[in-house]
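Participant: Model the structure of this input:
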Amino acid sequence: MGNEKLQQQYEWAKEEYAKYGVNVDDVLKRLADVKISMHCWQGDDVKGFMNPDQDLTGGISVTGNYPGAAHTPEQLRQDLEKAFSLIPGKHKVNLHAMYVDTDEKVDLDEIEPKHYAKWVAWAKEEGLGLDFNPTFFSHPNSEDGFTLSHPDKRIRDFWIEHGKRARTVAAYFGEELGQTSINNFWVPDGFKDNPVDRLAPRKRLMESLDTIFAEELDRKYTLDAVESKLFGLGAEAYTVGSHEFYMGYGITRNKLICMDAGHFHPTEVISNKLSSLSLFSDGILLHVSRPVRWDSDHVVIMDDELQEIGRELVRNDLLGKTHIGLDFFDATINRVAAWVIGTRNTLKSLLKAMLEPTEYLRKIELDGDYTTRLALTEELKDFPFTAVWDYYCQTQNVPVREAWLKDVKEYEEKVLLKRSEEAIGIE
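Facilitator: All right, here's what the predicted structure looks like:
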């Protein structure tokens, strides 16, 4: 589509939205300020670089063997750069602790900022922020399914030390990059079958977290978050870090509470939880994912729930206190394409919500005019937001509509397929 055609469609869209008092130019300025934290683990199927031959544990499963997975930090950064070149705006990268970049043999209870210095140097060059996550899985000390709630104090102490060091790394990210680093704590601890004692593991988890968080860190540089989960593979009957546990812990300890779209009952949605949580928390961490029947972490699409999440954040003016990250992993498709699809869709959902005449809709609702509320919210679904999105992509110097897929296919041919051939020793 030519530039002139894009401009014409954009001007037409501006006129349509202006009928309801929406200034589209201002909307695009707001959207440009939104940062999505793109998760590094989509690029290598959650293997990391600390011990990539270790079996994936923690109730996590990645299916598929699409060619081109990253095997080194350099390859992963190369893939991330390609993805960001196809996504409008400047964003962040979400690192797990196991993605160290060092020649030194280091374990999780030994990590230091220096082991991530190359990531920081790269982020500075690319104008990106870095978020962090301690890694409480895929390790010999997590093989029986317990970490911070383990009954063995020696095991607990190992993971407590890891948590403390992870906070130091996150603070280093924030100080070096000038963007607050969100440090998200998720632990997979749980039982496959019904436990007798549900209380003691939660008490141990609480005490372990309290020890980790005992040192006050500058909130300008890093913020701690805690994340619940309903169940995981091998922990179907009982999860120590349940929603109720972390809701209570986060609010009483002044921690961000992470809402992951896949970590609840299949009939629950997180969009309806955001307004309530916002009343009792200084901030929210959001993990955008797509569960299919369970926490299967499918690539984010423009489904009803994603759009509803966008509306809740925008209508309630929660973007300023919400940190948005992605969390999915699919090895059945091109991994770079997965990043692009998920991130662009998340941004689209926010744009569509920003283009609503929120104040007008709120007024007619307060007036009791539910007929107009229903009629207009339905008609707005067909307003020309795609013309605005296309124009935004053009102004951000990224491909418009499906044109990005051609770039990914070329990258696959020139880089990813050759990488796979080298990995299996094909000349």
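Participant: mind showing which ranges of the chain have poor pLDDT?
Facilitator: Low-confidence segments of the chain, defined by pLDDT under 70: 1, 421, 423-427.
Participant: same thing but at 80, please
Facilitator: Along the chain, the parts satisfying pLDDT under 80 run over 1-2, 52, 55-56, 58-61, 420-427.
Participant: Run the chain-centre distance for the helix of greatest length in it.
Facilitator: The longest helix of the chain (DSSP state H) is helix 153-177. In this view, helix 153-177 has its centroid 20 Å away from the chain centroid, taken as CA atoms, centre = their mean, to the nearest Å.
Participant: Check whether Trp142 really touches Gly58, as I assumed.
Facilitator: Quick fix: residue 142 reads Ser, not Trp. Yes - at 6.7 Å, Ser142 counts as touching Gly58 under the criterion of CB atoms under 8 Å. (Each C-beta comes from the backbone N, C-alpha and C, glycine too.)
Participant: what do these two both touch?
Facilitator: Contact criterion CB atoms under 8 Å, 6 or more residues apart in numbering; residues shared by Ser142 and Gly58: 136, 188.
Participant: list the contacts for Asp45?
Facilitator: Applying CB under 8 Å, 6+ apart, we find Asp45 in contact with 56, 62, 69, 329, 331.
Participant: Can you list the residue ranges for helices in the stretch 1-150 of the chain?
Facilitator: Taking DSSP state H, counting those that start in this stretch as the test, the helices found in the stretch 1-150 of the chain are 3-18, 24-32, 73-84, 117-126.
Participant: Throw the ones you listed into TSV and include mean neighbour count, thanks.
Facilitator: As requested, the helices of the stretch 1-150 of the chain are exported to TSV (neighbours: other CB atoms under 10 Å):
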stretch	mean neighbour count
helix 3-18	15
helix 24-32	16
helix 73-84	20
helix 117-126	16
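Participant: nearest to Gly368, of the ones you listed?
Facilitator: Closest approach to Gly368 among the helices of the stretch 1-150 of the chain (CB to CB): helix 3-18, 25.3 Å.
Participant: Could you list every helix and strand in contact with that closest one?
Facilitator: Under the contact definition 3 or more CB pairs under 8 Å, 6 or more residues apart in numbering; DSSP states H and E, helix 3-18 sits against helix 24-32, helix 385-395.
Participant: still on that earlier bit, for the contacts of Asp45, which two are the farthest from each other?
Facilitator: Using CB to CB, the contacts of Asp45 reach their maximum pairwise distance at Leu56 and Ala69, which is 12.9 Å.
Participant: Show me whatever sits in contact with both of those two.
Facilitator: 45, 47.
Participant: Which one's more surrounded, those two?
Facilitator: Neighbour totals were compared for Leu56 and Ala69, and Ala69 leads with 22 against 16 (other CB atoms under 10 Å).
Participant: give the contact list for that one.
Facilitator: By CB under 8 Å, 6+ apart, the neighbours of Ala69 are 43-45, 47, 331, 335, 420.
Participant: any chance of those residues in CSV, with distance to Trp119 too?
Facilitator: Output for the contacts of Ala69, formatted as CSV (distance: CB to CB, whole Å):
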residue, distance to Trp119
Gly43, 13
Asp44, 14
Asp45, 19
Lys47, 16
Ala331, 23
Arg335, 18
Ser420, 24
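Participant: Can you flag the buried ones in these?
Facilitator: With neighbours counted by 16 or more other CB atoms under 10 Å, the contacts of Ala69 contain buried members at 43-45, 47, 331, 335, 420.
Participant: just curious, which of the residues you listed is nearest to Leu285?
Facilitator: Ranked by distance to Leu285 (CB to CB), those are led by Gly43 at 21.1 Å.
Participant: Now for the closest one: which residues touch it?
Facilitator: With CB under 8 Å, 6+ apart, Gly43 has these contacts: 69-70, 76, 79-80, 335-336, 339.
Participant: Can I take it that Glu244 is in a strand?
Facilitator: No - counting by DSSP: H, G, I helix; E, B strand; the rest coil, Glu244 falls outside a strand, being helix.
Participant: Provide the count of other residues in contact range of the residue nearest to it when sequence neighbours are not counted.
Facilitator: Sequence neighbours aside, Ser228 is the residue nearest to Glu244 in space, at 8.0 Å (criterion: CB to CB, 6 or more residues apart in numbering). As a burial measure, Ser228 scores 22 neighbours (other CB under 10 Å).
Participant: thought Ser228 was touching Tyr249?
Facilitator: No - counting by CB under 8 Å, Ser228 stays clear of Tyr249, with 9.4 Å between them.
Participant: quick one: common contacting residues for those two?
Facilitator: Common neighbours of Ser228 and Tyr249 are not found (criterion: CB under 8 Å, 6+ apart).
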